[in-house]
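Engineer: The following block contains a protein sequence and its predicted model.
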Amino acid sequence: MRAAGYRTGATLALAAFIAAGAARAADLPYPAAPQPGTVSQAQPASDWRFQATLYGWLTAIDGDVGVRDRPMTPVSASVPEVLENLDGAVMGSFLAENDQWLFLGDLVLARLSHAGQVGFTGTDVELSQTIATGAIGYKLPLGVPNLDLAVTAGLRYVRLSTDLALSPAGSPLVWSGSQSEQWVDPTVGLTLQWAIDDRWFLNAVADVGGFGVGSKLSSNGYLGVGYLWTPSISTAIGYRYLYEDYQDGGFRYNTTMHGPTVSLGWHF
């Protein structure tokens, strides 16, 4: 009964693992044009540009999870199955950049719950997850107009917390327990920003991390295209995956999350 309950919790954990960073290399900020009739000021304007982004990731999950001395259990969840168990999620990122440097920050908060029956045992599972990402990047001097390629280095923090209650059929007894796992992955990677014209743009992100410091291996990739509606507002759609291979004691977590993304960016 205990293993079956943890299998359900692990499946929900996978569903909530929405990798942060799908919008990290998102829309390219554009400088505002001067207003007619204004007088030029002697002080130079700051060359820093900023972007705040809200985004969502419709995630499918494939992989294996093991708890304590139990064998690795295959898990798989489609996008509709993930959405069915989702209570709520907040995903946002912040980008600051100039012509040479960029700084990225990202935060994901998610909560899922599931009540059901596994064999002759009733299960009630609640999952909370936090993913926080930060990175700094340096833009390479390519000399290609409207194309930026940067090398990045950063950290990705992941925390999973699960509360589980099991109630055998026909018994008034209820077994409950909780389990939390957290780790920090160093990452290195690349970001690409291409302004196709004054409205359309393409972005790509790739990084690899872990290296045995947190997880054994972590890999993230994103490709998206967007449209600048005004100098301040843009939207983008894309596709992203996140792979994590983590093990600590008896807890093993080897999964790939993948699916389409949507984002709304505010440039200032």
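Structural biologist: That came through fine.

Engineer: And the helices in this protein, which stretches?
Structural biologist: For the chain, the helices defined by DSSP state H cover 2-16, 79-85.

Engineer: These: lowest mean pLDDT?
Structural biologist: For the helices of the chain, the weakest mean pLDDT is recorded on helix 2-16, namely a mean of 40.

Engineer: Any chance of the backbone angles for residue 145?
Structural biologist: Residue 145 adopts backbone torsions of phi -60, psi 140, taken as degrees, to the nearest 10.

Engineer: contacting residues for it?
Structural biologist: Applying C-beta atoms under 8 Å, 6 or more residues apart in numbering to residue 145 gives no contacts. All C-beta spots, glycine's among them, are computed from the backbone N, C-alpha and C.

Engineer: Would you quantify the distance from it to residue 196?
Structural biologist: From residue 145 across to residue 196, the span is 12 Å (C-beta to C-beta, to the nearest Å).

Engineer: now swap in residue 108 and tell me
Structural biologist: For residue 108, the distance to residue 196 equals 29 Å [C-beta to C-beta].

Engineer: neighbour count winner among those two?
Structural biologist: A count of neighbours by other C-beta atoms under 10 Å puts residue 108 above the other of residue 108 and residue 196, at 24 against 14.

Engineer: Who's the closest spatial neighbour of the more buried one, skipping the chain neighbours?
Structural biologist: The shortest distance from residue 108 to any non-neighbouring residue, by C-beta to C-beta, 6 or more residues apart in numbering, is to residue 131 (4.2 Å).

Engineer: Next, the buried residues of stretch 154-168.
Structural biologist: Within stretch 154-168, the residues scored as buried using 16 or more other C-beta atoms under 10 Å are 154, 156, 157, 158, 160, 161, 162, 163, 164, 165, 166, 167.

Engineer: Identify the farthest-apart pair in those.
Structural biologist: 154 and 167 (43.3 Å; C-beta to C-beta).
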